[in-house]
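Trainee: Have a look; sequence and predicted model below, questions after that.
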Amino acid sequence: MRTLRLALLLLILFSSVSAAQAQESGPVYVVVEGDTLTAIAVKFGTSVEALVEANGIADPSVLFPGMPLIIPGFEGVSGVLTTQDIRFGESLVSLSQRYGVEPEALGRLNRVVSPGRLYVGQALIVPEAGANARALPEATMLQIRAGETTLEWAARRGINPWTLRLLNREPARFWAEPGAILATPGGAGPASALAAPLASVELDVSPAIQGRTEEIRLHLSEAATAEGSLGAWSLNFFPLDDDTLVALQGIHAMAEPGLYDMQVRVRDAQSGELRFAAAQPLLVVEAGYPNDPPLAVPAETIDPQVTSVEDAQVAAVVGAVEAERLWQGAFNYPVSNYDPLSSRFGSRRSYNNSGYDYYHAGLDFFYTSLDDQIYAPAPGRVVFAGPLTVRGNTTFIDHGWGVYSGYLHQTEILVAVGDVVETGQVIGRVGQTGRVTGPHLHWEIWVGGVPVNPLDWVQRAYP
């Protein structure tokens with residue numbers, strides 16, 4: 001019986017493959033665990049009846065992982081369908097150039113409602129590379145500027161406009177939208193969604209996550225500078241090596257989940273001339289932080305008239321961005337006894353029976369005495385050292401590139417503003433000043449003016 005079932009399975013697989021190969025054109029979807037004909041039909045905007053007819057399926061209930069299915073309605077598109085994550089700068093047009101498939105067909109394959117809002121990290125279904133034999137040859141990618149026509153653009157570079165139109169598969173017109181990326185003959189690589197001097201964009205976390213540090217690397221083909229933004233946050237890029245710029249930006253722990261526009265502008269290193277500019281959404285998702293038990297604290301420490309002034313004071317301290325990077329590698333813990341952690345980053349909090357409108361902006365290390373020492377976790381420069389109503393005796397250290405560490409509720413501060421500290425240097429003692437329920441150190445890391453999870457900075461090196 002087992003041999004008979006195996007033979008039947010092989011017969012079905014052979015029949016399906018033969019049916020897929022018999023059709024001259026049409027993309028092939030490979031069934032995965034949990035798929036049904038109904039789900040596949042909905043996925044590609046077709047019908048169960050059309051799938052059954054296109055694949056010669058005698059029994060629609062016989063569906064198994066690895067089974068190839070022709071997806072009808074996409075004549076002119078061939079190859080096995082795979083998934084490609086959208087990278088910064090990519091669009092249906094650039095993917096059309098890479099995979100040799102019309103943008104409209106790619107849009108229908110993916111049921112794309114807003115072609116102009118493809119977001120970074122979005123999974124898009126595409127045919128296997130080379131299946132349609134229309135990918136662009138090696139080329140140099142350049143960007144059309146505002147007020148510039150394609151004819152002017154081609155003439156300025158000594159390029160035959162007809163060659164340019166054919167190379168980019170443009171319709172019979174000689175204009176392009178400002179910001180469009182066009183391929184020019186020759187170059188050192190295949191057609192790209194980006195233009196010189198920007199070779200590629202790499203994001204450390206995609207989608208972005210509440211409370212995490214986002215690391216954005218720009219790989220360059222020639223010397224350049226860059227600036228940008230992510231939602232309302234400014235992106236500050238610094239040279240990591242000769243051909244890489246990097247920006248570090250915190251994602252707020254209570255940021256509303258959704259799409260945030262990410263903008264990048266690249267300028268010539270010598271003249272400052274704008275060479276490339278693009279914007280694309282980046283998805284921010286929830287981190288799943290829990291609710292802490294309600295806490296009772298002194299009323300003045302949650303009075304908005306007090307907290308708003310103090311928050312503004314701290315924001316001014318940690319908002320400056322110094323170009324000198326003072327740290328290397330992962331940070332150390334600021335205390336010698338750090339396991340287990342008594343309270344973690346990001347948890348939602350209720351004070352004095354309020355709603356869960358607050359969150360924990362750092363890590364807490366609780367102690368039974370006030371004598372435990374606090375150590376600098378990385379080299380930096382002290383930019384604040386003094387008493388605050390909510391935070392108690394507080395120290396902030398600037399590590400450069402918009403990265404700061406904070407030490408709250410101390411009983412004694414052992415450094416002063418302007419001091420340069422080294423890893424392991426004693427900077428204070430654990431206390432219970434400010435909004436506290438007992439002796440502890442509250443430790444924060446700020447990146448780009450936003451508190452982030454300090455554990456990330458202990459567990460890995462940025463950048």
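Mentor: Here it is on my side, so go on.
Trainee: For stretch 101-108, output the C-alpha coordinates as CSV.
Mentor: The C-alpha trace of stretch 101-108 is given here as CSV (Å, rounded to 0.1, in the frame of the first residue of the first chain):
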residue,chain,number,x,y,z
VAL,A,101,8.4,41.9,-16.4
GLU,A,102,6.1,44.8,-17.1
PRO,A,103,5.3,46.9,-14.0
GLU,A,104,1.6,46.3,-14.5
ALA,A,105,2.1,42.5,-14.4
LEU,A,106,4.2,42.8,-11.2
GLY,A,107,1.4,44.9,-9.6
ARG,A,108,-1.2,42.4,-10.5
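Trainee: quick one, phi/psi of A299?
Mentor: Recorded main-chain torsions at A299 are phi -60, psi -40, according to degrees, to the nearest 10.
Trainee: ditto for L92
Mentor: Recorded main-chain torsions at L92 are phi -60, psi -30, according to degrees, to the nearest 10.
Trainee: Strands along the stretch 351-463 of the chain, start to end?
Mentor: For the stretch 351-463 of the chain, the strands defined by DSSP state E, counting those that start in this stretch cover 358-359, 363-366, 373-375, 380-388, 392-400, 403-410, 412-413, 420-421, 426-429, 440-447, 450-452.
Trainee: hey, least reliable of the ones you listed by pLDDT?
Mentor: Least confidently modelled of the strands of the stretch 351-463 of the chain is strand 363-366, at a mean of 92 by mean pLDDT.
Trainee: any residues touching it, and which ones?
Mentor: The list of residues contacting strand 363-366 from outside it, by CB atoms under 8 Å, 6 or more residues apart in numbering, reads 334-335, 337-338, 341-345, 430, 438-443, 454-455. C-beta here means a position set from N, CA and C on the backbone, and glycine is covered the same way.
Trainee: Can you flag the buried ones in those?
Mentor: Neighbour counting over these (16 or more other CB atoms under 10 Å) leaves 334-335, 344-345, 430, 439-443, 454-455 as the buried ones.
Trainee: any chance of the residues you listed in CSV, with distance to Q122 too?
Mentor: Listed next are the buried ones among the contacts of strand 363-366 as CSV, based on distance: CB to CB, whole Å:
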residue, distance to Q122
P334, 39
V335, 42
R344, 30
F345, 28
V430, 46
P439, 48
H440, 42
L441, 41
H442, 37
W443, 36
P454, 30
L455, 28
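Trainee: what number of residues lie near S61?
Mentor: As a burial measure, the neighbour count of S61 was computed by other CB atoms under 10 Å and equals 7.
Trainee: who does the closest residue to F384 other than its chain neighbours bridge with?
Mentor: Here the nearest residue to F384 in space, its sequence neighbours aside, is F396; by CB to CB, 6 or more residues apart in numbering that works out to 4.1 Å. Here F396 shows beta-bridge partners F384, G406, assigned using DSSP bridges.
Trainee: And the strands in the stretch 51-200 of the chain?
Mentor: Secondary structure of the stretch 51-200 of the chain (DSSP E, counting those that start in this stretch): strands at 68-70, 78-85, 123-127, 139-143, 181-185, 198-203.
Trainee: With mean pLDDT as extra columns, can I get those in a markdown table?
Mentor: Below are these laid out as a markdown table (pLDDT from 0 to 100):
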| stretch | mean pLDDT |
| --- | --- |
| strand 68-70 | 95 |
| strand 78-85 | 92 |
| strand 123-127 | 93 |
| strand 139-143 | 66 |
| strand 181-185 | 68 |
| strand 198-203 | 94 |
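Trainee: Let me know which of those strands is tucked in deepest.
Mentor: With neighbours defined as mean count of other CB atoms under 10 Å, the strands of the stretch 51-200 of the chain peak in mean count at strand 68-70, which reaches a mean of 22.
Trainee: Now the element after the one helix or strand in the chain whose mean pLDDT sits lowest, going C-ward?
Mentor: Using mean pLDDT, DSSP states H and E, the weakest-scoring helix or strand in the chain turns out to be helix 2-22, at a mean of 43. Using DSSP states H and E, the next helix or strand after helix 2-22 towards the C-terminus is strand 26-30.
Trainee: which other helices and strands contact that next one?
Mentor: For strand 26-30, the helices and strands in contact under the criterion 3 or more CB pairs under 8 Å, 6 or more residues apart in numbering; DSSP states H and E are strand 68-70, strand 78-85.
Trainee: so which of those strands comes closest to S369?
Mentor: Nearest to S369 among the helices and strands packed on strand 26-30 is strand 78-85 (50.8 Å), distances taken as CB to CB.
Trainee: contact partners of the closest one?
Mentor: Residues contacting strand 78-85 (CB under 8 Å, 6+ apart): 25-30, 68, 71, 95, 109, 121-128, 130-132, 206.
Trainee: redo that, cut-off 7 Å
Mentor: Strand 78-85 is touched from outside by 25-30, 121, 123-128, 131-132, with contacts defined as CB atoms under 7 Å, 6 or more residues apart in numbering.
Trainee: L282 versus G329, what's the distance?
Mentor: When CB to CB, to the nearest Å is applied, the distance between G329 and L282 equals 27 Å.
Trainee: Which one of these two is surrounded by more residues?
Mentor: Under the criterion of other CB under 10 Å, the comparison of G329 against L282 puts L282 first, with 23 against 10.
Trainee: Show the contacting residues for the more buried one.
Mentor: With CB under 7 Å, 6+ apart as the criterion, the residues that contact L282 are 119-120, 207-208, 230, 260, 262.
Trainee: Which helix or strand contains it?
Mentor: strand 274-285.
Trainee: List the buried residues of that strand.
Mentor: Taking 16+ other CB under 10 Å as the basis for neighbour counts, the residues of strand 274-285 that come out buried are 275-278, 280-285.
Trainee: Confirm V306 sits in a helix?
Mentor: Yes. V306 sits within a helix when classified using DSSP: H, G, I helix; E, B strand; the rest coil.
Trainee: which ones are touching it?
Mentor: For V306, the contacting residues are 300, 389-390, by CB under 7 Å, 6+ apart.
Trainee: Contacts only, for the most centrally placed residue in the chain.
Mentor: Taking CA atoms, centre = their mean as the criterion, S206 is the residue nearest the geometric centre of the chain, at 3.6 Å. Residues touching S206, when contacts are defined by CB under 7 Å, 6+ apart, comprise 120-121.
Trainee: before we move on, back to that, pipe the helices and strands packed on strand 26-30 into CSV and attach distance to P115 per row.
Mentor: As requested, the helices and strands packed on strand 26-30 are arranged in CSV below (distance: least, CB to CB, whole Å):
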stretch, distance to P115
strand 68-70, 25
strand 78-85, 16
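Trainee: mind checking which of these is nearest E152?
Mentor: Go through these one by one with CB to CB and the one that ends up closest to E152 is strand 78-85, at 33.9 Å.
Trainee: angle of the closest one against strand 123-127?
Mentor: Using axes from the mean of the first three to the mean of the last three CA atoms, to 10 degrees, one finds that strand 78-85 and strand 123-127 are set 160 degrees apart in direction.
Trainee: pretty sure L230 contacts L248?
Mentor: No. Contact criterion CB atoms under 7 Å: L230 and L248 do not qualify, at 11.1 Å.
Trainee: Now do the SS call for the residue nearest to the centre of the chain.
Mentor: At S206 the chain is in coil, as set by three-state DSSP.
Trainee: any idea how far W162 is from it?
Mentor: When distances are taken as CB to CB, S206 and W162 turn out to be 39 Å apart.
Trainee: I appreciate the help and will end here.
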